[in-house]
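# Attaching a predicted model along with its sequence, questions to come.
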Amino acid sequence: MRSVGRRGNAFSLAILLKPCCTLAHARQLHANVVAEGHLQDALLATSLMRSYMNCGAAESVCKVFDEMLVKDTVAWNVLITCYARNKRTKDTLKLFDEMRSESEAEPDEVTCILLLQACTSLGALDFGEQIWEYAMEHGYGCELKVRNSLITMYTRCGCVQKAYEVFCGTPRKSVVTWSAMISGLAANGFGKDAISAFEEMSKSGVAPDAQTFTGVLSACSHSGLVDEGFRFFDMMRYEYQMMPNVRHYGCIVDLMGRACLLDEAYMLVVKEMRVAPDATIWRTLLGACRIYGHVDLGEKVISHLIELKAQQAGDYVLLLNTYAANDT
DNA sequence: GTAGGGTTAG
């Protein structure tokens, strides 16, 4: 590892903080930053926070934050991101109040996005609406990414109508806006509306991507729209030349399972899929076997699940051996 | 070369 010279300025230190740096690298640079007296350089300190965050060193992220005398908005946002990634969702929300009461840094649109995401995973509707109110009051109400996050928050909280109102009030909808609405409709049982939205999107000239298809395929499986599901699956493969991923196959297997096409679903997974099936796909199929009392196939599926788990365990052993080899 | 929008199923 190259150490930073005595003359190294804050800028050159920031350059050295590559996003993929190791924990040891981050600690070395942290020491250099302190030694050179650059900890009060906000860009450098937040770069360091990000590096620690990417190494999973949440405590060090907090430490750098605490050491900063002037905590700017980005520093708060990195801290919030770090909390959210560590599933400390309730604490994430507390940071919003803390930020507003004891800091000179104001929450910006990124803060709003991060907090709306936290509300989505918590199902915290009231808090989410407070964030939205703040966003509107401070001129972030038209930001597309904020609106997209709000649509997702509303649909995850079951407020499809409110999500739809925000969606309709959004003038330049991106593929993300459309996909959020389509997935939201799908998850709340409005399969046909999700399909209509997909068609409306195509008419408006926005091209679907892989996640849009995940949304519309899940709409079909949720609402038992088997023929439509296959039509969209063909559309994605042949018209849009997209390679289905494990989630797309997950939807198709779910769709076939609901249509009692159990053996066909099994053949699709073992013969046709070009991607490795995950435990979710097998569990989906197992669920369908249970519903229809298809015991023989259920046993086969269970053996695949066991095999998958054994393989995962093997991967961990391999990983452990790698660490052991590096330590000596 | 600081943080940030939408993904299946159970």
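Here it is on my side, so go on.

# Stretch A:243-253 close to DNA strand B?
Yes. For stretch A:243-253, a contact with DNA strand B is found by Cβ under 7 Å from any atom of the strand, at A:245, A:246, A:247, A:250, A:251. Every residue, glycine included, has its C-beta placed from N, CA and C.

# Just the buried ones from those, in ChimeraX syntax?
Per 16 or more other Cβ atoms under 10 Å, the buried members of the residues of stretch A:243-253 next to DNA strand B correspond to this ChimeraX selection:
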select /A:247,250,251
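
# ok, the residues of stretch A:243-253 next to DNA strand B vs DNA strand B, which is closest?
residue A:250 (2.4 Å; Cβ to the nearest atom of the strand).

# Test my guess that the closest one contacts residue A:280.
Yes. Using Cβ atoms under 8 Å, residue A:250 is in contact with residue A:280, at 5.7 Å.

# nearest spatial neighbour of the spatially most central residue of chain A, skipping sequence neighbours?
For chain A, residue A:117 is the residue whose C-alpha lies nearest the centre (Cα atoms, centre = their mean; 9.2 Å). Distances taken as Cβ to Cβ, 6 or more residues apart in numbering place residue A:149 nearest to residue A:117, at 6.1 Å, with adjacent residues excluded.

# what's the helix or strand for the one you found?
With elements taken from DSSP states H and E, the one containing residue A:149 is helix A:144-156.

# got the buried residues for that helix?
Under the neighbour-count rule (16+ other Cβ under 10 Å), helix A:144-156 has A:145, A:146, A:147, A:148, A:149, A:150, A:151, A:152, A:153, A:154, A:155, A:156 buried.

# Any chance you could give me it in PDB, C-alpha atoms only?
Provided in PDB are the C-alpha atoms of helix A:144-156 (Å, rounded to 0.1, in the frame of the first residue of the first chain):
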ATOM      1  CA  LEU A 144     -38.400  13.100  -9.800                       C
ATOM      2  CA  LYS A 145     -36.400  10.800  -7.500                       C
ATOM      3  CA  VAL A 146     -38.200  12.100  -4.500                       C
ATOM      4  CA  ARG A 147     -41.600  11.500  -6.200                       C
ATOM      5  CA  ASN A 148     -40.500   8.000  -7.200                       C
ATOM      6  CA  SER A 149     -39.500   7.200  -3.700                       C
ATOM      7  CA  LEU A 150     -42.800   8.600  -2.400                       C
ATOM      8  CA  ILE A 151     -44.800   6.400  -4.900                       C
ATOM      9  CA  THR A 152     -43.000   3.400  -3.600                       C
ATOM     10  CA  MET A 153     -43.500   4.400   0.000                       C
ATOM     11  CA  TYR A 154     -47.200   4.800  -0.600                       C
ATOM     12  CA  THR A 155     -47.700   1.500  -2.400                       C
ATOM     13  CA  ARG A 156     -45.700  -0.400   0.300                       C
END
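
# That helix: how far from the chain's middle?
How far helix A:144-156 lies from its chain's middle: 13 Å, per Cα atoms, centre = their mean, to the nearest Å.

# swap in stretch A:28-41?
32 Å.

# returning to that earlier point: contacting residues around the residue nearest to residue A:117?
Neighbouring residues of residue A:149 by Cβ atoms under 8 Å, 6 or more residues apart in numbering: A:112, A:113, A:116, A:117, A:120.

# do that again at 7 Å, thanks
Residue A:149 makes contact with A:113, A:116, A:117, according to Cβ atoms under 7 Å, 6 or more residues apart in numbering.
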